[in-house]
Each structure stands twice: as structure tokens, then as C-alpha cells.
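In: Give the three-dimensional model of this entry:
(one chain, ligands or ions: 1)
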Amino acid sequence: MKIIYDKSKCIGCGSCASLCPKFFEMAENGKSHLKGSEFDTKTEKEELEVENAGCIKEASEVCPVQCIRILNEK
Ligand code: SF4
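Out: Residues are numbered from 1 along each chain as shown. Below is the predicted model of the structure:
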């Protein structure tokens, strides 16, 4: 499945990094970073292919601006 994180919408609350440190960390610019992802400078989105979304699901649910999407969720 694919994780799409819309970095432009992130307000830097830190919830995803506390709930799901395996996949998220806070970056120096105050926004979170999806570890190992590719950043698209045009769309300002980070994308990552994962086998199992695991805690990304909780991070996605708790994100106040809902900028973490999981595609092809089983
Ligand atoms: S939970 Fe959402 S708004 Fe908060 S740091 Fe993570 S991506 Fe940004």
C-alpha cells in the first residue's frame, strides 16, 4: 500500500511522531517527516510504499488536519 503525506498541510503538532515513531519524525522545519519517503517538490507530498501500514493508521486518524492518507488499505 502507499502512504501519501501532504506536508504542505502539516501544522507540526507532533502527534504522528509520538504515536508512530517508526515511520514519523519531526524535522527541523517544524513539520513531520515520513521516514524513508520520497519528497515531491511540486506537490509538497511525501510518498512511501509499505507492506503493512501498522501505526501509520493511528497517526492518520489522529492527525488534526488529516494530511496522512493510506491508499489500497486492506
Ligand atoms: S499529526 Fe499531522 S499535523 Fe501533526 S505533525 Fe503529524 S502530519 Fe503534521
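
In: okay, CA-based contacts and neighbour counts for the rest of this
Out: Will do.

In: Report pLDDT for N72.
Out: The model reports N72 with a pLDDT of 82.

In: neighbours around the residue nearest to it when sequence neighbours are not counted, how many?
Out: Spatial nearest neighbour of N72, excluding adjacent residues (C-alpha to C-alpha, 6 or more residues apart in numbering): M1 at 5.2 Å. Number of residues near M1 (other C-alpha atoms under 10 Å) recorded here: 14.

In: got the contact list for M1?
Out: By C-alpha atoms under 8 Å, 6 or more residues apart in numbering, M1 lies in contact with 49-53, 70-73.

In: again, 10 Å this time
Out: Counting by C-alpha atoms under 10 Å, 6 or more residues apart in numbering, M1 touches 48-53, 70-74.

In: how about TSV for those residues, with distance to the ligand, secondary structure and neighbour count added?
Out: Listed next are the contacts of M1 as TSV, based on distance: C-alpha to the nearest ligand atom, whole Å; DSSP: H, G, I helix; E, B strand; the rest coil; neighbours: other C-alpha atoms under 10 Å:
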residue	distance to the ligand	secondary structure	neighbour count
L48	14	strand	17
E49	17	strand	15
V50	17	coil	11
E51	20	coil	7
N52	19	coil	12
A53	15	coil	17
I70	13	strand	19
L71	16	strand	12
N72	20	coil	8
E73	19	coil	11
K74	22	coil	7
